[in-house]
Each structure stands twice: as structure tokens, then as C-alpha cells.
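>>> below is the sequence, then the predicted model.
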Amino acid sequence: MVLGFSIALIVFSLLLMLLVLMHKGKGGGLSDMFGGGMQSSVGGSSVAERNLDRITIVIGVLWFACVIVLGMLMKSNG
């Protein structure tokens, strides 16, 4: 059980790093490479950027839940 959550934590950590790097910053980001840098004329962020935000939040919540569960498992084992 602990091994499964440890592997999940590593996977979520790597995904979270990748997603954060893809966000557009002041000078652009990796999202520009994948077409996320195009701004719509309506204003606000593009659909790709909003979806990237949503995916990042979901992965962040899953990462946090994995840390909490792993901590509780470690506490009960030790």
C-alpha cells in the first residue's frame, strides 16, 4: 500500500512539474511551443490555458491527497 502511494506521489510530482512549466509566464513558457501562447481577441486566457489550469489544479489536489494518505500510512506503520 505504501509502495503504491509512493509511486503515485512520484508520478504526480513529475506531472505537476511538467504542467507548471507549461504555464505561460511573463516571458512566455513551454505552452507557447504547443500553441497555448495564442491569445483570443475576446480577452482573457485561451481555452488551452484554462484547461491547463484545471488539469494543474486537479493534479495538485491529487498530489496533496497522496501526501496526506502516505503520511497517515507511515504514522500507523511506525
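Ah, there it is. Only a predicted model underlies this, so the values are computations on that prediction, with no experimental measurement involved.

>>> which other helices and strands contact the longest helix along the chain?
Assignment by DSSP state H gives helix 47-77 as the longest helix of the chain. Judged by 3 or more CB pairs under 8 Å, 6 or more residues apart in numbering; DSSP states H and E, the packing partners of helix 47-77 are helix 2-22. Where you see a C-beta, it was placed from the backbone N, CA and C, and this is true even at glycine.

>>> so what pLDDT did residue 48 get?
Predicted confidence (pLDDT) for residue 48: 87.

>>> relative to helix 2-22, how tilted is the longest helix of the chain?
Angle of helix 47-77 versus helix 2-22, following axes from the mean of the first three to the mean of the last three CA atoms, to 10 degrees, is 150 degrees.

>>> what sits against the nearest residue to residue 60 once chain neighbours are set aside?
Spatial nearest neighbour of residue 60, excluding adjacent residues (CB to CB, 6 or more residues apart in numbering): residue 16 at 6.1 Å. Neighbouring residues of residue 16 by CB atoms under 8 Å, 6 or more residues apart in numbering: 56, 59-60, 63.

>>> out of those, which comes closest to residue 7?
Taking CB to CB as the measure, residue 7 sits nearest to residue 63 out of those, at 12.9 Å.

>>> poorly predicted segments of this protein, please.
26-45 (pLDDT under 70).
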